[in-house]
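Trainee: this is the structure alone, sequence omitted:
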């Protein structure tokens, strides 16, 4: 059933943004008509005509429509049906929805629900403050009873949720046989993955022991494990190829030119070795300087004394 709410327009005030008539014209005598349908927890308000809002908190219609469209109101009503008394006038789901809307409208205390009661065309019947208090207390008592039944004890008055979970719930979860079994399976799977990914050194050591002898491999296992035969073979092959190329180049030269080329090659290699040696010495000197600075932490003497 639809109810028509007719609210007269104000006779004074600034012009409306959507109207070009001055406030004193006959146009100000028009009336706004709202259609209100009682469906769900909140009325379904529809605007038919008008220039200014005739109902306060009209923006809250977005909240009530969101509750209706998302099914939050029906879900709360079904979930809280057990807490509704046979003679109750207000549904628990409607009471909690009103509290949420009040908080969204910057309500700070329970008495702010009076703002919603003044707009029953938008929010419908709103429970009184004592009714809301009784419902909240009943829900709190039942929540405490259920927590005690399931987990042994509810949170303490000065304890937050995370601390209560770590103190009461976490030990019981960790001791659950299903959790213990799942943890063991996870650890076994992780161990199998690591074993599959990490190389096994024992076969390599056995192979080196057959080639070089057990004593030699046992004395220096790290050197044999760090050895890379394939890389060594590749390096040796490249060195041999360069040597063959150098020999062929020398054969194509006269003895004098070949001697000059050999001297130049030796000079280049010597220069490279000298540069490497200098770099090593510089690095060694830097390390010694840093060690000396780190060890020298005592006070320095030779300056003016304190009595001066």
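Mentor: Sure thing, it's come through. Just so we're clear, the structure is a prediction, and the values are computed from it rather than from any experiment. Residues are numbered from 1 along each chain as shown.
Trainee: average model confidence for whichever strand or helix holds residue 244?
Mentor: Here residue 244 sits within helix 229-251, counting by DSSP states H and E. In this model, helix 229-251 carries a mean pLDDT of 85.
Trainee: what's the first helix or strand after that helix?
Mentor: Once helix 229-251 ends, the next helix or strand along the chain (criterion: DSSP H and E) is helix 255-295.
Trainee: for that next one, the distance to its chain's centre please.
Mentor: Computed by C-alpha atoms, centre = their mean, to the nearest Å, the separation of helix 255-295 from the middle of its chain amounts to 53 Å.
Trainee: next, the angle from it to helix 229-251.
Mentor: Helix 255-295 runs at 140 degrees relative to helix 229-251, counting by axes from the mean of the first three to the mean of the last three C-alpha atoms, to 10 degrees.
Trainee: can you give me the strands in this protein?
Mentor: Along the chain, counting by DSSP state E, strands occupy 2-8, 31-39, 42-49.
Trainee: can you flag the weakest of those strands by average pLDDT?
Mentor: Mean pLDDT per stretch puts strand 2-8 lowest among the strands of the chain, at a mean of 35.
Trainee: low pLDDT regions in the stretch 51-200 of the chain?
Mentor: 51-58, 198-200 (pLDDT under 70).
Trainee: run through the helices of it in chain order.
Mentor: Taking DSSP state H, counting those that start in this stretch as the criterion, the stretch 51-200 of the chain carries its helices at 61-69, 72-79, 92-104, 114-117, 120-123, 129-151, 161-164, 170-174, 177-197.
Trainee: for those, give me CSV that also has mean neighbour count and distance to residue 262.
Mentor: (Glycine included, C-beta is placed from N, CA and C.) As requested, those are exported to CSV (neighbours: other C-beta atoms under 10 Å; distance: least, C-beta to C-beta, whole Å):
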stretch, mean neighbour count, distance to residue 262
helix 61-69, 16, 90
helix 72-79, 16, 92
helix 92-104, 20, 91
helix 114-117, 17, 102
helix 120-123, 19, 103
helix 129-151, 13, 88
helix 161-164, 12, 79
helix 170-174, 11, 76
helix 177-197, 10, 50
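Trainee: go through the ones you listed and name the closest to residue 272.
Mentor: Nearest of those to residue 272, taken as C-beta to C-beta: helix 177-197 at 40.0 Å.
Trainee: and that closest one, how far out from the chain middle?
Mentor: Distance, stretch centre to chain centre, for helix 177-197: 26 Å (C-alpha atoms, centre = their mean).
Trainee: got it, and stretch 109-116?
Mentor: The chain centre lies 36 Å from the centre of stretch 109-116; the measure is C-alpha atoms, centre = their mean.
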